[in-house]
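> structure for the following, please:
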Amino acid sequence: MQGKGLPVKDAYFVLQVGKHKSKTRVFRNNSNHVWNEEFVFRVHGNNDQQELAVSVFNHDDVDDFGSFFNVSGDLVGRVQIPVWSVAAEQNQTLPPTWFSLEKPMTGKFINMDCGKILLSLSLRRKSDKSSTNHIVYPNSNVNEEYKESEGPRVSSHDMHSYKARRVKIAEGKKLMKTIVSRLERVFNKHEENSRTDDSSELTSASSDCEDCEHPSSCSFIEGLEIMSSRENEQEMPENLQGGILLDKVYIVPSWDLNMFLFAPNSQFKKDLEELQGTTDAEEGPWTWKSTNMSHLSRTVSCTKAATKLVKAVKATEEQTYIKADGKEFAVLTNVSTPEVPYGNAFNIELLYKIMPGPEISSGEASSHLLISWGINFCKSTMMKCMIEGGARQGLKECFDQFADLLAQNFKMMDYTDSSNKDHMLATLEAAHQSEWQLASDYFWNFTAVSTIFMILYVVVHILFCEPGIVQGLEFNGLDLPDSFGQLITCSILVIQLERVCNMTKHFIQARLQRGSDHGVRAQGEGWVLTVALIEGTNLSSMDSTGLSDPFVVLTCNGKTRTSSVQLQTSDPQWNEILEFDAMDEPPSVLDVEVFDFDGPFDQATSLGHAEIVFLKHTSLELADMWIPLEGKLAQSSQSKLHLRIFIDNDKGVETVKEYLTKMEKEVGRKMSLRSPHRNSTFQNLFGLPPEEFLINDFTCHLKRKMPLQGRIFLSARILGFYANLFGHKTKFFFLWEDIEEIQVHPPSLSSVGSPFLVITLRKGRGLDARCWAKSQDEEGRLRYNFQSFISFSIASRTIMALWKTKTMIPEHKSQLAEEQPQDEEKWSIMLEDHGCFVSAEEVKMPKIFSTELPISVESLMEMFDGGKMEHEIMEKSGRLSYATTAWESVKLGVFERHITYRFKYHISIFGGEVTCTQHKSPLGNDEGWIVNELMAIQDVPFADHFHGNLRYQIEKSSLAYCSCKCDVYFGITWLKSTKFQQRITRNMSDKLTQVMKEVFELIKREKLLANHDQHPIRHEDATMLV
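Model prediction:
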């Protein structure tokens, strides 16, 4: 049947009983030797004196030529099996058994392990009808075609028939053998040997055309071991389209769970039959079937218990192993019930998938059992929807009992359990390599090793040398190279030393650098999102070296977390834990983007991005997932990130109650917690995770070409619609974040006199429910119309409140900003962590901008009085939510105020929030002012490493009357050391120069327009001027 551990790749077998020989086909350049061929030999006389000799040969190029002269390849090994041992077995059949090959006495394989072969033998009488069914003679008529497989495995069980071309080859072999026999006569060979070889080749030709059509009898465990040993690379099949019946994790090894469920005479199956009232159960043996793919299968029949609607009926199950590799198992069950109404029109399919489960802190093995179902209609029927509904309800009840009984035998594991999460995170923390190992891996290259060798070589040379004679331009203490060769050698050594020093500096900074959000614990109580950023693979780069300085920015519910920067790598290893502060509602989406660091204000190159919708993944999938990055650079490099995501609720039901209480104020109506049964129905209806909870639902119409009556469901994360019109189901949902606009329209004739809601999605959202949209605008945004609510005011207020709370649109944010007090206590709280004010004279501040304006100093100083003009110009120049305090005197001639704002995206991709402290004081000649500004920036990489310092020097201009001159200086106060000081300084200077140019252009334009409005030119003056 197959070979294992053979020392050669080009192997074939020669089988011999007495004088009759047969030969298998040859595997070329293949280490997976699976023949599955059947040979028939005639055994005469006493069985005690006969034996089957199986020899394994190595096929080489000589065999193709030498086969014409009966020359064999090198002998690898041999095994001899007495025929009497087969006759002593039950039914005179030896089941599949592994035989160890004996080493040859001579040849090049004499000292090698020869491996094993798997054989199955049986003895049958000549009169036995079944024995003749296995023989296919070359001269027989063949109707079907045979296609030769070119894959790595070629199984004779996959060959059901042959072409006429195959028959001609067999006849050609016979003719060639006749020629060989004539040549042997010329060389005085025995005629008897010629006849023996002739009959042997005929037997080989017959055996090559063999095909076993009957299942082989083998035990259940042996069959699983055969499937596992074949190293089948078939992937685990997809879930069936009907849905999931059971998805649980049990603390038991996957092999044991498979044996518990499907082993012959399983006690679990008997207990389940007794629980469900099943009778007349008949369980067939597991048999090895050979069709297009060899597999194990069995047939189970029983009588199902009667229900309220259906009487007791006979059911037949055909169970087939699709995959069994020792760790993962997939069993497809086809259930037929012809006695039920319309039973001949459909079959039920069940797919059992057993996979290794997640790691457990106790070290025990776990198994993930997932059972899905589907229905196949072999005949068309109008009762299709009714049959599907009945089958779904019956299977649900059946597998509820299945799950309860299985839970009594094995402990279930909740893979969202905090102990399991803590274990995985603790494992992640312990995954760091030692510093010495990292250093050895980093410096084990040609540059470092060659430099160390050169230094040692030079040091040894110096120790053996005596002081040289002073010559040329040398003097005592200065020893110059005496030849060009020495000069070149010194240059090479200096270059190598510089490279090694840079590598050492690079390594130390990479090890000391950490992101400010790594390891920071979440604050508050509620829904806590924890993201373990493990590693990335194949990250792209724009540099010529092919390496980048990647860091990851995670965004959820408007909050961001940033990882550390990994230096010069395309496969970074972070092993960092990032936690988001507690939220009132469960998070919906996590935006992930990878950047190549090049300064906090730079338009950093995006190396790829991804969006993770939590509702589309199970907790088990989120606990360990690889996400492919999108974007041109990422897709060309096939970049991926490895994440582990956990969503926890610290307060349980209390968090949901607090969220509903908050929504009551927005809606103006009492909201109560729905029952667990109703929540479960809602979750199953849309396939949502267990943490999703229903807030409210309303009856309405979905307006398209024709109104479709259904129900709209509202939760903290989704808006869903469901309708069932005569069995035709309509079901879709989208996230609150997908909605761009909600409009309330008054009653109209088209809406049958009722007001209606128009929900517009963002571009590219809701594509899976595109067919149910009312229209699509010119920008590609989908619009959905909902009308005919029983209580339109309550429904519309609830929908608007949930949407605004989740998305926090800009209008709502500005409204909240205006309502916030701007008192001194607020500013002291915001600035308490920024330390004391640093004087501009203490920092090196080069000039970054200079301009002269045709306005007075007093007019320009209006830009620093907190008035309307200052706010308008700052908003236009990209500073959002700009707020100032009044100037206060802190000492004689020095005034102080505070400012806060947030940069727009075109200035900083991080949208960093800035808190400033400004001091102003007059110049010594009282003809101008100096304004010093200290900037503290948050939410940008390395924000805790520096403060920015700006100085405005405003004075009268000597070039023109009523004009002024303004010089702007910028410098950075470094709080912590970092490798990127020059890059950050250059980046901020360039960006602030552009901002200052834009600000002063706006000031000039505003002042000129204001002067024009105050002193318009009369028509008469204009004519005179012309």
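
> any stretches of the stretch 801-950 of the chain with poor pLDDT?
808-843, 905-906, 909-911 (pLDDT under 70).

> so where do the strands sit in it?
847-853, 879-884, 888-891, 894-903, 913-922, 928-938, 946-956 (DSSP state E, counting those that start in this stretch).

> dump those strands into a markdown table; add distance to Asp650 as well.
(C-beta placed from N, C-alpha, C; glycine too.) Formatted as a markdown table, those follow (distance: least, Cβ to Cβ, whole Å):
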| stretch | distance to Asp650 |
| --- | --- |
| strand 847-853 | 48 |
| strand 879-884 | 31 |
| strand 888-891 | 43 |
| strand 894-903 | 30 |
| strand 913-922 | 27 |
| strand 928-938 | 26 |
| strand 946-956 | 35 |
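
> what's the closest of those to Asp571?
strand 946-956 (29.9 Å; Cβ to Cβ).

> same for the helix or strand hosting Ser372, what does it pack against?
Taking DSSP states H and E as the criterion, Ser372 maps to strand 367-377. In terms of contacts (3 or more Cβ pairs under 8 Å, 6 or more residues apart in numbering; DSSP states H and E), strand 367-377 is packed against strand 243-250, helix 254-262, strand 346-356, helix 384-409.

> in its sheet, what does it sit against?
strand 243-250 (antiparallel), strand 346-356 (antiparallel) (DSSP bridges).

> in that strand, what's buried?
Ser367, His368, Leu369, Leu370, Ile371, Ser372, Trp373, Ile375 (16 or more other Cβ atoms under 10 Å).

> please apply the same query to stretch 634-641.
Using 16+ other Cβ under 10 Å as the test for burial, stretch 634-641 gives Ala634, Ser637, Ser639, Lys640, Leu641.

> next: stretch 658-667.
Tyr659, Leu660, Met663, Val667.

> also stretch 676-690?
Quick answer for stretch 676-690 (16+ other Cβ under 10 Å): Asn679, Phe682, Gln683, Phe686, Leu688, Pro689.

> dump those residues into a markdown table; add secondary structure, pLDDT and distance to His617 as well.
A markdown table is the format used below for these (DSSP: H, G, I helix; E, B strand; the rest coil; pLDDT from 0 to 100; distance: Cβ to Cβ, whole Å):
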| residue | secondary structure | pLDDT | distance to His617 |
| --- | --- | --- | --- |
| Asn679 | helix | 85 | 20 |
| Phe682 | helix | 89 | 19 |
| Gln683 | helix | 86 | 14 |
| Phe686 | helix | 88 | 14 |
| Leu688 | coil | 86 | 11 |
| Pro689 | coil | 84 | 8 |
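
> so how many other residues sit close to the nearest residue to Glu872 once chain neighbours are set aside?
For Glu872, ignoring the flanking residues on the chain, the nearest one in space by Cβ to Cβ, 6 or more residues apart in numbering is Glu1006 at 7.6 Å. Neighbour count for Glu1006, taken as other Cβ atoms under 10 Å: 18.

> longest single helix anywhere in this structure?
helix 981-1014 (DSSP state H).

> that one packs against which elements?
So helix 981-1014, by 3+ Cβ pairs under 8 Å, 6+ apart, packs with strand 847-853, helix 868-876, strand 946-956, strand 964-974.

> isn't there a strand covering Arg78?
Yes. Counting by DSSP: H, G, I helix; E, B strand; the rest coil, Arg78 is located in a strand.

> shouldn't it be in contact with Phe57?
No. With contact defined as Cβ atoms under 8 Å, Arg78 does not reach Phe57; the gap is 9.8 Å.

> those two: who's more crowded?
Here Arg78 and Phe57 are compared on neighbour count by other Cβ under 10 Å; more neighbours surround Phe57, at 22 against 18.

> okay, the more buried one: pLDDT?
Turning to Phe57, the model gives it a pLDDT of 83.

> tell me what it is bridged to.
Tyr12, Leu75.

> from Cys556, how far off is it?
65 Å (Cβ to Cβ, to the nearest Å).

> what about Ala886, how many residues nearby?
Neighbours of Ala886 using other Cβ under 10 Å come to 11.

> so it makes contact with Arg897?
Yes. With contacts counted by Cβ under 8 Å, Ala886 reaches Arg897, the gap being 6.5 Å.

> and for these two, which residues touch both?
Common neighbours of Ala886 and Arg897, counting by Cβ atoms under 8 Å, 6 or more residues apart in numbering, are Gly866.

> measure His642 to Ile534 for me?
Where Ile534 is concerned, His642 sits at a distance of 4 Å (Cβ to Cβ).
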